[in-house]
Structures are given as structure tokens and as C-alpha cells.
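Visitor: Here is my input; please provide its structure:
(2 chains)
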There are 2 protein chains.
Amino acid sequence: MNTHYFYTSIKILILGIVLVYNLNLNAQSKTKPNVIIIYTDDQGAVDLGSYGAKDIYSPNIDQLAKEGTRFTQGYVAAPVCAPSRAAMLTGKYPQNAGVSGNTSATPNSKGLPAEQYTMAELFKDNGYATGHIGKWHLGMDEASSPNKQGFDYSFGHLRGCIDNYSHYFYWEGPNVHDLYENGKEVFYDGTYFPDLASEKAINFVENQKDQPFFLYYAINMPHYPYQPTEKWREFYKNTPKPRGDYAAFISTIDERIGFLVDKLETLNLLENTIIIYQSDNGYSTEVRAFNGGGNSGPYRGAKSSLFEGGIRLPTIIQWKNHLPKNTVNHQFLMNLDWMPTLASLCGFTTPLKDIDGMDLSQMIKNPATNSPRTSAFWKYGNQWVVRKGNWKLIGNPKDTSHKGILNFENDALFLTNLKMDLSEMENLAKKYPEKVKELIQEYIDWEHGNEKDIPKKIKTVSHIAVHKLITTQSKLNANYQNIEVLIDGKFGYADFSTGQWIGVEGKNVELIIDLKNSEPISEVGINYLSSAGNWIFPPQEFEVSFSEDGKKFKNLKSVKIKQTKQQNSIDYASLSTSQKSRFVKITIKGIGVCPDWHTGAGNPAWFFIDELIIK
Amino acid sequence: MNTHYFYTSIKILILGIVLVYNLNLNAQSKTKPNVIIIYTDDQGAVDLGSYGAKDIYSPNIDQLAKEGTRFTQGYVAAPVCAPSRAAMLTGKYPQNAGVSGNTSATPNSKGLPAEQYTMAELFKDNGYATGHIGKWHLGMDEASSPNKQGFDYSFGHLRGCIDNYSHYFYWEGPNVHDLYENGKEVFYDGTYFPDLASEKAINFVENQKDQPFFLYYAINMPHYPYQPTEKWREFYKNTPKPRGDYAAFISTIDERIGFLVDKLETLNLLENTIIIYQSDNGYSTEVRAFNGGGNSGPYRGAKSSLFEGGIRLPTIIQWKNHLPKNTVNHQFLMNLDWMPTLASLCGFTTPLKDIDGMDLSQMIKNPATNSPRTSAFWKYGNQWVVRKGNWKLIGNPKDTSHKGILNFENDALFLTNLKMDLSEMENLAKKYPEKVKELIQEYIDWEHGNEKDIPKKIKTVSHIAVHKLITTQSKLNANYQNIEVLIDGKFGYADFSTGQWIGVEGKNVELIIDLKNSEPISEVGINYLSSAGNWIFPPQEFEVSFSEDGKKFKNLKSVKIKQTKQQNSIDYASLSTSQKSRFVKITIKGIGVCPDWHTGAGNPAWFFIDELIIK
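Guide: Just a heads-up that it's a prediction; the model follows:
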């Protein structure tokens, strides 16, 4: 060895020692653990090796489970993206977080209200650097943007999904580029988004290594469009499509989680970092997802359904050498519990106010401890769930996994016991009427429950317009043209989608009823639905006039209707008269656009009417 | 200079001489000129610097015009992609080419029939190497694929458009990767498609430099999605969107045409290559194109319209030192004339059979010679055009540029004289009734014209079901639920989209008419539309039964209906009876799927009915 080489070696050695020392110092100087929440998109209930999938290669995620805990009862609070994310980030039911359904992709449309206190704000208030990488889908206006919701750093797309190379949002026209870094549009034309997000995540961790950090890593996979790279396409070439492409996307996630964990290890941060892994909702059965690809295993349901397959999902926590390892925990956990649980694990002392989540840290530390969570509620569209112990009652269930047929009237209340039947294939409602009654009461007593949401037998009504002739000159929405339902003598359920309702978007409708003979009329009324979560509001007013020949209408009367923020209520507005006539014209005026307090403010509002009554 | 350098220099010199010699030899050894047809996608009528655009930078395309001829009356035979391309490639009207509308994106669906003799086959038969690069959109089955239509080499996408980075087709679900090289799916994940296509075009020219070649370079721009690169985004940053992005896409085309022309020059092939540049149809006003971006200048109409703006487009031919340069030619030319014109310019001797195109080489060589083309026909959906001299009659015009309002009944026949009014804003039909009559006759005499296509006043009919009650239990298509039109006493025009027709896709429909009183009935009939180009076929049969109570129906009779390949004919099928009853049930059965001879073979077929007649 000559002198030159000797000194170089010494220098490298010293550099190495200094590096190692610094790394240890970094790790030691941080008194609070880092937190990374990896939130995947539309991943099915059993779509990981560690959850039993034999055809999916996910060694890095499985390793998280091996070094930590995987839950068999890890739930999310909603079966679709935006409300699931809102619940997770606020520790509240989606309704309390102000996001009960998916948010709009329209520029400047509202999302997660600015006044919500998010997990990012919690961590920031406790001295953490906070970062968001990947999908947002919690609003398009500045107030609800990641940087305004507590994230120091944000990189990703604002809408529900993008093409992974062009970063264009394609799901409603026109098609727009959707990629932002701290609120500024950035272009990485042609760069694979999973790689881009992975690089940004690794950079974030590296940049924040000297202080505690919180990273919300919202991976937009295995959400459509399925676009795996050559490597994974090749790996899964013998798996039939769409399963093969879906599985390839899971492995794409897995590989990038491997990169991130490697980086944590290199930085000597792994033992000081809590890593949570969860899917936001069940796998998609939409056409855009080739009607499937994912798997909910023993569970019924998928994305958009409140059967288990829509909400009971892969859920893992790892905190190496601090929390149990290689553990399967069968206790009940909700995504909205992460916020108080993490606050506890990280040693935050300020109590969290007005949240629905529970601190589950004890049952995570010791799986033998019973979870304080024994019950929960879900409400999505007109579906709702009360779970109490192992009993679960679903109102207006939808089975997007198509595992069985639901009878609209008989299964409108669907009772299961998850200990007796994990598959939810049999409706026990008739067998246990008392349990149904009890759980209905629980639901009604819940702050977002409502007697009006409880499905009832279709009520019939008798009046003089039933099965007479109804016509309109108004242009109707293509899905709601069967106006005969307005005078069929049957009331619709509080569910706009059952075919019993006529919906009108953004404008007015004029209906003429021909009673066939001149009849004495004392009352004209309309029943209307309120369901603000579905952008459905009471009409503004309705007008009535009368005619003997169907041409000249006279004696115009009108009634203003009170606005409400209520969900799924059906109300009746009417006016009295004393007429004899054959034709009745009813003009119903909507409120035009969604009101200021609403997520859809400024966008076209709907009204839904069902039975028109003429007495 | 030392010996080593001296010999190296000599070697380089010799190599240079050999190269130059070879290049000249190549050029000289080719007795027939090469042909390149550059066919752009949804480019507006005046969207080039050389066509008057002040806000578009297109120096390379303008240079083609400078070294050649640009036409002010260059037309395409259809206002949308597939039939325009089919006409250009076969020298025939789209109907004669077997492609009257856009072809389907469904795997294996039919397109340009294999038996059509294409320009690629013509060039191949004359010893040319033939290549297709870019968009195909002329069928999804193997028989209609580029390689089966005469192209030795093909690279591009089969459907109407793709994301330029992921090469996914997004315009109907599910979303699929769409990139093929000689029929084999190939992946170039993340590579900008305009660059990829440009590289393939240059490679093709380079590989074929020693023999005559024909290249159909079907550039998929400025078609949505607008995805210009950083360079052109920056260049047009002060041009408002969507115009800025659209203009940037034109410059993206232009730049790549520059690369190709440079390559031809380097290979010393420019003087031996005929280059044609044309857009396939007018600019798009679809939502996906942000409702616009392009410009049809003085012309009315855009994509999908038979006003000038949909079909009169940038058209350039250059053959350096062989055809006139720096010339503006005002004579009439159609894209279907290219095939015989090129055959003539290239000196092919075998006559072309059964084509509609004309050899315009003389008027191209000498713009003072009158073009043999003095008239032409167009037919797209229910729109049709007869042009004779400067007179132009449009049936059922549609103005996708929204430059003015068309009155459905008064403007259903729209007469203009292009010399008197280039803008087509005034309908001269009332002023020149004789001209209308003459041109209608010309249309009817055309092989694809039909008396039934001529708009007439809505005809009324009187029968006992008029304005009685009609109901159905069948699930109707959302766009066709207003079944009252079936018994409104009015006949629909031969246009399925006017709201006068009820369309049913792939299945049957059962209708019950309540005559309110028991009535004597001697005849029950249905009027139905045939419009194979719109996938509308006669029903297979209809059944009639009768009832007094609306519950028990009896005396079932049925009638089979003859199938036809006709376009836009309305026919009547009826049966005689001798009944007295109040309720009539009519069940109409469709043919299910499109017949074997049809582009949509195997896909669901429609039937359209308008007035049901009960006498």
C-alpha cells in the first residue's frame, strides 16, 4: 500500500465514522417518533401476500406486517376516496369532517373545510415537519388545499386519479393536467408518477431527517388506470387480466415502499418511525377498472358498498422494536382512530377536541387488551350502517361485488352478525326483529341518523291524479324521464336512485296533468327530497294554474318552499284552492345552484320530486 | 501534419466522396417519386401561418406551401376522422369505401373492409415500400388492420386518439393501452408520442431510401388531449387557453415536419418526393377539446358539420422543382382525388377501377387549367350536401361552430352560393327555389342519395290512439323514454336524433296503449327507421294482443319484418284484425346484434320506431 492510498483509506474511514455518528445522533436527537401513513387507493380487502393473496407479490408490505401488526378488523369510515381520507385526516366521521361524498373535480370547487383541524395541523403544532405526497382529492379551492390544511410540503394531484405518465385527469371533460407542488402547477411530462412520488417521498424524509416528521403518502394505486411498468407486466404475464395488471400495480406499490423503508434504514430512522399502511376503500368494480381486478376474499361488497368488502381493508402498523411484531390483531379499529392513537403513541399531551376517533394505543401495544372501539356508524349516500359488537345492520345495502342478489324491499334493512357469518350473504333481519329494532334506534340516536333514512314499505296514496295523463314540455335529464311515477299513487323511499323519483338539475320543470274530466280540486301538493350530500335541495317554489282546455291556464297560485340542510328527508308542500278544472299545470323551480355553505357551492343544484298530489 | 493524420484525412475525404456519390446514385436510381401524405387530425381551416393565422408559428409547413402549392378549396369527403381517412385511402366516397361514420373502439370490431383497394396497395403494386405511421382508426379487427390494407410497415394506435405519454385510449371505458408495430402491441411508456412517431417516420424514410416509398404519416395532432411540451407551452404562454395549447400542438407538428424534410434533404431525396399535407376534418368543438381552440376563419362549421368549416381545410402539395412553387391554387379538390392524381404524377399506368376520385394532376401542374372537379357529394349521418359549381345545398345542416342559429324546419334545406357568400350565414333556399329543386334532384340521382333523406314538413296522421295513454314496463334507454311521441299523431323525419323517435338497443320493448274506451280496431302498425350507418335496423317482428281490462291480453298476432341495408328509410309494417278492445299491447323485437355484413357485426343493434298506428 502506498502512502497515497493509505491516507485516502483513512479519510474514508473517518468520514464513515463521522457519518455513522451523525446518523445515530440524528436518531437520538429526535425525541418524538416520525409518522408515515401510507394510504393506498381502491385496494381490495385481501390483496396482499400477508392477507392471504397467493397471486400477489408484496414482500415489502408483508415485511411491515412481519415487523409489526396486521389487523383483520381494520376499517375505513367510507367506501369511497374523499370521505375516507377526510375521516382519516380529521379523526371524525366524514359528515363531521364536512366531506360526506366524493368532492368535485371542477376548478375552485370546495372540499375539506379549512376550519377542520387535521392530523397535519396536529403534528405541526407538536413541532413536526409535515408532508403530503400523492393524491389529494379533498377539494379544488385554495382553502381546502394541502398547504392550507397543515402540510408544509405537498406534491401530487388534486383530483381523484391521473394518467401515470402525462399526469392528466381524464374522468370528465375537458381533460386537464393535474400535478402540483405546494400549490404551483409543475410539469414532469412522461415521468412515471409512482417513481416521481417515490422520489419526492424519499427526498422529504431525507430533508427532514433531523427533526420529527409526519408524512401522508397517498399512493394513487391500484386505482385505475392500470399502468404497470414492463418489469411487473412481465412478472404477471401469466395472470389473467385485469387481475394481472391490478396485481402488478400492487407490486409497484410494494417496490416503492421498499425504497422508502430502505431509506429510513440507511438514515437509521426505522426504529424511530411509526409506519401505518391502509387502503382507502375496497377495490373498484367500475368499468374503468375493467369491472374488477381486486378481491375482497370472504367479504361481500367492494368500493362504494357498506358491506365489509367496501370498508374492511388491509391495515398494518409497524414501529420497530416499540410495538408488537409479527402480530395479527383481530380487534376492531377505524381509520378515524389513527389521529388520537398516534397522538398518544407520539406522546402529545394537548387533548383532541370534538373528534370521533378513539385512542387504541393500548390494544395495539397489547392485542390481548380489548379495543375500546365496540361500535361504529357509517353513512354514505342512502346506505348506512350501525355496528354494535358483532351485529351489523345495513340500511339500503348495495353489493358492488355482485356476490348475491338483493331484494329491494325485503333487504332494504339487512342484518348480519359478523361472528356468525362473515360473508353477509344471509339477511337475518326477519330472524332477529328485536335486534333490528335496537340497532335502528341506535342509528336514529346517532347525530347523523334520521328516522327518515329508515326504509319502509312503499306507501301508497290515493288522489284524483293517479294514473291520469302527465306531460311536460321541459327538457328532462335522460335518467329521469319516466314522469308517470309522479302520479302512480306510490311514494318513493328517501333514496333518489330507486326510479321512483324525478330529478331536475339546475333549472325548472313544468308539468301538465290531464285529469280527463273536469274535477273539483281543493289541494295541489308536491313531495320533495332533501339530500344535500347528493346535491339535492328542496325546490325554491312551485306554481299551480288551471285550465279546462289545456291551453289557457289561469288562477295562478304559488308557494315558496323552505330550504334545509337535511339529509334524506321527504317533505310535502301544498296549496289550497277551490277549482273545478280538467288540466292542472305545476311549475317547480329549483334553487339553481348549490348554496354557499355547500361543497358544490355555485354548481348546479338538483331537486327531486316524487308524488304530485291533487285532491 | 504527420503521416497518421494525413492518411486519416484522406480516408475521411474518400469516405465523403463515396457517400455523396452513393446519395446521388440513390436519388438517380429511383425512377418513381416517393410520396408522403401528412394527414393531421382536427386541424381548423385557417390554422397555419400560410393560411392567414397570425398567432400560429408554422414555418416548416409554410415552407411546404412556399416550395409548392396551397389550395383554398381543398376538401375532405367527411367531417370526422374515419370516413375522411377511408375516402382518402381508397379514392372513394366514404359510403363506397364501406366507412360512412367513425369506426368503433371495441376490440375486433370491423372497419375498412379488407376488399377495398387502398392507396397503399396501389403503391405496393407499383413496386413501392409502403408505411403507415400514427393514427389508424379504420377498424379494430385484423382484416382491416394497416398490414392487411397494403402497408408493409405500420406503427401507431388503432383507435381515435391516445394520451401522448402513456399511449392509453381514454374515450370510453375501460381505458386501454393502444400502441402497435406491425400488429404487435409495443410499449414505449412515457415517451412523447409525437417524438416516437417522428423517429419512426424518419427511420422509415432512411430504411427505404434506395427504393420508391409511400408513407402515410397520420399525425394525431392537434386532436385532444392537448399536450404540448414545455418548449411550446412557453412559446404560447401569452395566448389564452385553449387556443394556446392548440397552437402549441400545431407548432409541435410543424417542428416534426421540419425534422422529416431535413432528413429528406440530407438523403438528397427532397426533389424526388411528393409531399401532401392535409387535415382530416375541421377543428373540434367537443368538451374534450375545451369546446374549441381551432379556427375556421371565414367559414361556418367545424368538425362533424358539413358547412365549409368542417370539410374545407389546409391542403398543400410540394414536389420541389417538379410542381409549381409559391402558388395559391383556388380550384376545387377533394381528398379522394389524391389517389388518381398521385397515380398520374407517379406515372402508374394501370387504370384505377370503381373510384370516385379524379385525376387533378393537370390543374395542379398548371393552376390556370380548370379543375375537372366541378361537383361533389357529401353524406354524414343525416346531413348531406350537393355541390355543383359554386352552389351548395345542405340537407339537415348542423353548425358545430355555433356561428348562428338554425331553424330546424326552415333551415332543414340550406342553400348557399360560395362565390356570393363564403360564410354560409344566409339560407338562400327561399330565394332560389328552382336551384333547390335542381340540387335535390342531383342528390337523389347520386348513388347514395335517397328521396327519403329530403327533409319535409312534419307529417301528421290521425288514428284512434293519438294522445291516449301509453305505458311500458320495459327499461328504456335514457335518451328515449318520452314514449308519448309514439302516439302524438306526428311522423318523425328520417333522422333518429330529432326527439320524434324512440330508439331501443339490443333488446325488445313492450308497449301498452290504453284507448280509454273499448274501440273497434281494424289495423295496428308501426313505422320504423332503417339507418344502417347509425347501427339502426328494422325490427325483427312485432306482436299485438288485446285486452279489455289491461291485465289479460289475448288474440295474439305477429308480423315478421324484412331486413334491409338501406340508409334513412322509413317503413311501415302492420297487421289487420277485427277487434273491439280498450287495451292494445305491442311487443317489438329487435334483431339483437348488427348483422354480419355490417361494421358493427356482433355488437348490439338498434331499432327506432316513431308513430304507432291504431285504426
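
Visitor: From start to finish, how long is stretch A:189-196 in a straight line?
Guide: 11 Å (Cα to Cα, to the nearest Å).

Visitor: List the contacts of it.
Guide: A:162, A:164-167, A:188, A:219-221, A:229, A:252-253, A:256, B:165, B:189-192, B:227, B:229-230 (Cβ atoms under 8 Å, 6 or more residues apart in numbering or on different chains). No exception for glycine: its C-beta is placed from N, CA and C like everyone else's.

Visitor: any idea of the mean pLDDT in that stretch?
Guide: The average pLDDT for stretch A:189-196 rounds to 98.

Visitor: top strand in chain A by residue count?
Guide: Criterion DSSP state E: the longest strand present in chain A is strand A:508-530.

Visitor: Grab the nearest non-local neighbour of the residue in the stretch 1-150 of chain A that chain B sits nearest to.
Guide: Chain B sits closest to A:P107 of the stretch 1-150 of chain A, with a gap of 12.0 Å, by Cβ to the nearest Cβ. Of all residues not flanking A:P107 in the chain, A:M140 sits nearest, at 5.7 Å (Cβ to Cβ, 6 or more residues apart in numbering or on different chains).

Visitor: Phi, psi for the one you found please.
Guide: phi -110, psi -10 (degrees, to the nearest 10).

Visitor: wait, what's in contact with the residue nearest the centre of chain A?
Guide: The central residue of chain A, meaning the one whose C-alpha is nearest the mean C-alpha position (Cα atoms, centre = their mean), is A:V80 at 3.0 Å. Contacts for A:V80 (Cβ under 8 Å, 6+ apart) come out as A:101-102, A:281, A:303-304, A:380.

Visitor: how about the residues of chain A that lie near chain B?
Guide: By the rule Cβ under 8 Å from any Cβ of the partner chain, the part of chain A lying against chain B is A:163-166, A:168, A:170, A:173-175, A:177, A:187, A:189-192, A:224-225, A:227, A:229-230, A:233, A:242, A:286-291, A:469, A:471, A:476, A:478-479, A:481-482, A:484, A:516.

Visitor: what ranges do the strands span in the stretch 251-400 of chain A?
Guide: Under the criterion DSSP state E, counting those that start in this stretch, the stretch 251-400 of chain A contains strands at A:273-279, A:315-318, A:327-334, A:375-380, A:383-388, A:391-395.

Visitor: now swap in the stretch 51-200 of chain A and tell me
Guide: Using DSSP E, counting those that start in this stretch, the strands found in the stretch 51-200 of chain A span residues A:69-75, A:129-135, A:153-157, A:168-169, A:176-177, A:180-181, A:184-185.

Visitor: In CSV: those strands, plus mean neighbour count.
Guide: What follows is the strands of the stretch 51-200 of chain A, written out as CSV (neighbours: other Cβ atoms under 10 Å in any protein chain shown):
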stretch, mean neighbour count
strand A:69-75, 22
strand A:129-135, 26
strand A:153-157, 23
strand A:168-169, 22
strand A:176-177, 20
strand A:180-181, 16
strand A:184-185, 9
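
Visitor: Would you mind giving those as JSON lines with mean pLDDT added?
Guide: As requested, the strands of the stretch 51-200 of chain A are exported to JSON lines (pLDDT from 0 to 100):
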{"stretch": "strand A:69-75", "mean pLDDT": "98"}
{"stretch": "strand A:129-135", "mean pLDDT": "98"}
{"stretch": "strand A:153-157", "mean pLDDT": "98"}
{"stretch": "strand A:168-169", "mean pLDDT": "98"}
{"stretch": "strand A:176-177", "mean pLDDT": "96"}
{"stretch": "strand A:180-181", "mean pLDDT": "98"}
{"stretch": "strand A:184-185", "mean pLDDT": "97"}
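
Visitor: Save those as a markdown table, and put in distance to A:A343 too.
Guide: Formatted as a markdown table, those follow (distance: least, Cβ to Cβ, whole Å):
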| stretch | distance to A:A343 |
| --- | --- |
| strand A:69-75 | 18 |
| strand A:129-135 | 14 |
| strand A:153-157 | 21 |
| strand A:168-169 | 34 |
| strand A:176-177 | 37 |
| strand A:180-181 | 29 |
| strand A:184-185 | 32 |
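
Visitor: and A:G389, which of these is closest to it?
Guide: When the strands of the stretch 51-200 of chain A are compared by Cβ to Cβ, strand A:69-75 sits nearest A:G389, at 12.0 Å.

Visitor: orientation of that closest one relative to strand A:327-334 in degrees?
Guide: 20 degrees (axes from the mean of the first three to the mean of the last three Cα atoms, to 10 degrees).

Visitor: Report the angle between strand A:69-75 and strand A:383-388.
Guide: Going by the same axes, to 10 degrees, strand A:69-75 makes 120 degrees with strand A:383-388.

Visitor: Who are the packing partners of strand A:69-75?
Guide: With contacts taken as 3 or more Cβ pairs under 8 Å, 6 or more residues apart in numbering or on different chains; DSSP states H and E, strand A:69-75 sits against strand A:315-318, strand A:327-334.

Visitor: Next, A:K565: secondary structure please.
Guide: coil (DSSP: H, G, I helix; E, B strand; the rest coil).

Visitor: For it, give me phi and psi.
Guide: Per-residue torsions, A:K565: phi -100, psi 10 (degrees, to the nearest 10).

Visitor: Excluding sequence neighbours, find me the nearest residue to it.
Guide: Nearest one to A:K565, counting by Cβ to Cβ, 6+ apart, is A:A532 at 5.4 Å.

Visitor: What average pLDDT does the longest strand of chain A get?
Guide: Mean predicted confidence for strand A:508-530 is 93.

Visitor: Same check on stretch A:458-477?
Guide: 87.

Visitor: All the strands of the stretch 401-550 of chain A, in order from the start?
Guide: For the stretch 401-550 of chain A, applying DSSP E, counting those that start in this stretch gives strands covering A:413-417, A:469-472, A:502-505, A:508-530, A:541-547.

Visitor: Which pLDDT value belongs to the residue nearest to the centre of chain A?
Guide: 97.

Visitor: same deal with the one 10 residues further on?
Guide: Per-residue confidence at A:T90 stands at 98 (pLDDT).

Visitor: Pretty sure A:A465 sits against A:E611.
Guide: No - using Cβ atoms under 8 Å, A:A465 is not in contact with A:E611, being 9.1 Å away.
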